[in-house]
Every structure is written in structure tokens, then in C-alpha cells.
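Engineer: Structure for the following, please:
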Amino acid sequence: MKDDPRLDASRNLDLGAIADRELFSRITLLASTMLGCPIALLSVVEQDHQWFLGRTGTDLVETKIGDSFCAFCMLGDGPMLVPDAQFDTRFEGNSLVTGAPFIRSYLGVPIRGDDGVPLGALCCISDKANAFRPDQIAPLAMLAELAEQSITLHARTQALSLANAALQQSSQIFRQAECAANVGSWRLDLGTRQLHWSDQVYAINGLPKSHVPSVAESVALYAPHDRSMVVSRMEQLIADARPFTYEASILRPDGEPRRIRVVGERVDVDGKPDSIAGIILDCTDEHMRNVALKRAAKRDRLTGLYNRATFGQPPRCSAPRSGQLRSRCSISTGSRTSMTRSGILWATECSRRSPGYCRPKPPTACSSRAGAATSSRYSSRRRWRSRRSRHCSTGC
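Structural biologist: This next block holds a predicted model:
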């Protein structure tokens, strides 16, 4: 018996781990009653022995593979009927024939797994020769099919249990990763409007896991100035399936403000919108660091007042709009210029930043004397012209 694929399949099924074997014992009891025999067994054939998953009429738990009738039945093409084991060359020297339970008649039907691999047999045994008839094979085959279905159910339950264990492990790792990264997942069912949060989303929002929030309650957690934006993004996502990412402020029920970054996208099933899902990241620490950096760049660390770098920044020099020039300063070429204080500052700054601007130099002593002499000449010439005009007017 070196059927490795068959033995591997038998081990993978782990039939020995079945807790409730009473079901298989009821099948053997039903077989014994239907065929009117003292012993019925449901055997599982291993490499060097066979053991009984269900039994009726005997205390045997297992036998050696060399004494197994079911090993021959299992490897055959169909049911096996032995009228008298004493005259069958395969079993005439078998210890179960020559000794207890003194098998004479045997009728067995192979038991196969879900993939068709033979596992054992359902058999009926009698200590009397010719105890079974060919017409009794069909009822026994029906009971064998019931046993196969029960084994298949066990295999699927076992596979489901393993998958569930793996899923729980993955879920636990996922929760740990969410907690470490302070990221949670969310999903909104568009059909039922049911909102689903992961454990970390509850932690970020400061709500108990037993509470299932509605959409309106989740929107109410946002700061008032962010609520309309959140609703608009959600509606736009549902309408045109455009993913979104935004940052907003929330206020926990305990009064603690938090800053979150939300990512969402629409999930379609069979071409129709089914749900929207995404993640929520608690970025409060990152937000506070950015605010602190901006404040440190503009204010003195000791006093908290604006620093010289902030005052030293030049104002924006943009062309004023219509009507603003007159309100800030009034400038006209060839006429007297009148300005307000703000207009002077604005005009001065613009002129300084204009191309070709030259800062005026302070007057020197020489330039002052030259200017005085020039002014004196101009004054003498004006007085001479004035006397001449008066002399001519008198009739000179």
C-alpha cells in the first residue's frame, strides 16, 4: 500500500480530528439493520493499518493492513461481495477469518473523497456464509454516498475554519498596522446608506466601537466651515466617480480638535455604483508642526512679536485698479502733487522698484554756493525787466 497521492489526500482530510463520530456510527447502525447483519464498519485505510470512523457490532478500533478486506474493496472498480471467505484465495488465511470475528460473508462499497480519491469502504460482515445478495448492494451504496457527503462536509468545514483563522490573523495584523500608522478605513454602502468604520476610525473620531454612526452624524463631526466642502466632495464622487483627497478639521465628542486627511473612491459592481470607500489619516501632529514652522518664520521666538524679516518684506507693487490711484495718491505731470501718507509710501516704493531709479544724492557745499549765485543773477535780471516795463509805460 504505497499509494502516495491517496495517502496524502487522506492525511489532508484529517478525518481523525472529527469530533462527532456518532454520525458515522449511525450510518453503520442503519446499514446493519437494513442488511440484517451483526457487524457494519466504516473504514479508513492507511499505509500500514486501517481504522474505523464508524462501527456497529464490534469493539475493534483498527486492524493490520494485511487483514483488511476493505483495502481490496477500496482499490476495486466497484462494490465487492464475498459469499464465503473460507473458499476465497485472497482471505482463506486471514486472521479475521480463522479467528474472531470469524468472517464468512462480506459486502463492501468504496468510500471516496470529494476529489474522487479512495479513502476506505462501508462494509457489512456476517459470520454466516452467503449472508448477502446482489440486490442489497444498492441500499448499501446509498448509505455509502451519505457517508461521503458527511466527509466532504467535514473537509469543507475544515477548509473554512483554516481560512477563517488566516483571515483573523490578517485582520489582527491589519488592525495593528492601522494603529501604528494612525490610519483607518471606511466604506459607505450606497444602497442602504450604511456607514462602516474600521476600529482605528472610531479611535480617530473618539467614538465607541459599539456605536454605528449615520452619514449625518459623521458629517456633524467636521468643523462647521468644512461641512459643505465634505458633502460636496461626496456628492461629486458618487456622480462622476472622481476620487478625492482633502484635509479638514473635526471636533471629537470630548471637545478635542483633530486634523484629518481623507481619501475616497467609488466602487462599482456590474457597472453600477455600489459603494464608496477610502481611508482616514490623523495628520494632527503634521499639521501642528507646519503651523509652528510658519509661526517661527514670522515671529520672534522670545516675544512672539513679528520679526524684522516680516517687516522687511517689500509690499506688493501691482498696478492699482481704476479709482484706487486717486484714493491712495494723486500724481499729475507738470502740476503740483498732493499725496496722503499711504500714497507717498506706495509711490515711493513703486518708483524704487522701477527700472532706472537712482537714489538722489545729498547736496554739497559747492553745489549750494553755485545755486545761490545763479538765483541772484536771475533776480537782478527780473528787477531790470520790471523797471524797463514801467519806464516804457510812462511814454518813454
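Engineer: so where's the stretch 251-396 of the chain uncertain?
Structural biologist: 308-396 (pLDDT under 70).
Engineer: For the stretch 1-150 of the chain, which segments are assigned as helices?
Structural biologist: 4-13, 22-35, 70-74, 95-98, 137-181 (DSSP state H, counting those that start in this stretch).
Engineer: if you compare those, which one is most tucked away?
Structural biologist: helix 70-74 (a mean of 23; mean count of other Cβ atoms under 10 Å). No exception for glycine: its C-beta is placed from N, CA and C like everyone else's.
Engineer: And the contacts of stretch 203-223?
Structural biologist: Stretch 203-223 is contacted by residues 179, 182, 184, 188, 193-195, 197, 199, 202, 227, 230-231, 248-254, 256-258, 260, 280, 282 when judged by Cβ atoms under 8 Å, 6 or more residues apart in numbering.
Engineer: returning to that earlier point: please render the helices of the stretch 1-150 of the chain as TSV that adds distance to Val269 and mean pLDDT to the earlier fields.
Structural biologist: As requested, these are arranged in TSV below (distance: least, Cβ to Cβ, whole Å; pLDDT from 0 to 100):
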stretch	distance to Val269	mean pLDDT
helix 4-13	35	75
helix 22-35	39	93
helix 70-74	47	92
helix 95-98	60	92
helix 137-181	21	87
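Engineer: Go through those and name the closest to Leu305.
Structural biologist: Smallest distance to Leu305 across those (Cβ to Cβ): 38.6 Å, for helix 137-181.
Engineer: which strands and helices sit next to the closest one?
Structural biologist: helix 4-13, helix 22-35, strand 105-112, strand 118-126, strand 183-189, helix 199-205 (3 or more Cβ pairs under 8 Å, 6 or more residues apart in numbering; DSSP states H and E).
Engineer: run the last query once more with 7 Å
Structural biologist: helix 22-35, strand 105-112, strand 118-126, helix 199-205 (3 or more Cβ pairs under 7 Å, 6 or more residues apart in numbering; DSSP states H and E).
Engineer: among the contacts of stretch 203-223, which are in helices?
Structural biologist: With helices taken from DSSP state H, the overlap with the contacts of stretch 203-223 comprises Cys179, Asp199, Tyr202, Arg227, Val230, Val231.
Engineer: Which of those residues sits closest to Ala166?
Structural biologist: Asp199 (19.3 Å).
Engineer: Can you tell me the closest non-neighbouring residue to the closest one?
Structural biologist: Arg175 (5.7 Å; Cβ to Cβ, 6 or more residues apart in numbering).
Engineer: how near is the one you found to Pro83?
Structural biologist: According to Cβ to Cβ, to the nearest Å, Arg175 and Pro83 sit 65 Å apart.
Engineer: And for Cys179?
Structural biologist: Separation of Cys179 from Pro83 (Cβ to Cβ): 71 Å.
Engineer: Then Thr157?
Structural biologist: Noted for Thr157: a distance of 40 Å to Pro83, by Cβ to Cβ.
Engineer: now Trp197
Structural biologist: 71 Å.
Engineer: Equivalent analysis for Ala239, please.
Structural biologist: 79 Å.
Engineer: Neighbour count: the two, which is higher?
Structural biologist: Using other Cβ atoms under 10 Å as the criterion, Ala239 and Pro83 rank with Pro83 on top: 16 against 10.
Engineer: Just the residues contacting stretch 251-265, thanks.
Structural biologist: 204-207, 221, 223, 237, 243-250, 276-284, 287 (Cβ atoms under 7 Å, 6 or more residues apart in numbering).
Engineer: Give me the buried entries from the residues you listed.
Structural biologist: Neighbour counting by 16 or more other Cβ atoms under 10 Å classes 204-205, 207, 221, 237, 244, 248-250, 276-284, 287 among the contacts of stretch 251-265 as buried.
Engineer: Make TSV out of the helices of the stretch 1-150 of the chain and add distance to Gly57.
Structural biologist: Below are the helices of the stretch 1-150 of the chain laid out as TSV (distance: least, Cβ to Cβ, whole Å):
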stretch	distance to Gly57
helix 4-13	25
helix 22-35	6
helix 70-74	16
helix 95-98	14
helix 137-181	15
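Engineer: Among those, which comes closest to Gly108?
Structural biologist: Nearest to Gly108, of these and by Cβ to Cβ, is helix 70-74 at 3.8 Å.
Engineer: what are the ranges of the strands in the stretch 201-350 of the chain?
Structural biologist: 244-251, 257-269, 272-282, 329-330, 338-339 (DSSP state E, counting those that start in this stretch).
Engineer: Just the CA trace of the first one, in CSV.
Structural biologist: Same thing as strand 244-251. Taking C-alpha atoms only, strand 244-251 is exported to CSV below (Å, rounded to 0.1, in the frame of the first residue of the first chain):
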residue,chain,number,x,y,z
PHE,A,244,-10.9,62.9,-3.9
THR,A,245,-8.4,63.8,-1.3
TYR,A,246,-8.9,66.6,1.2
GLU,A,247,-7.9,67.8,4.6
ALA,A,248,-10.4,69.0,7.2
SER,A,249,-10.8,69.6,10.9
ILE,A,250,-13.0,67.6,13.2
LEU,A,251,-14.2,68.0,16.7
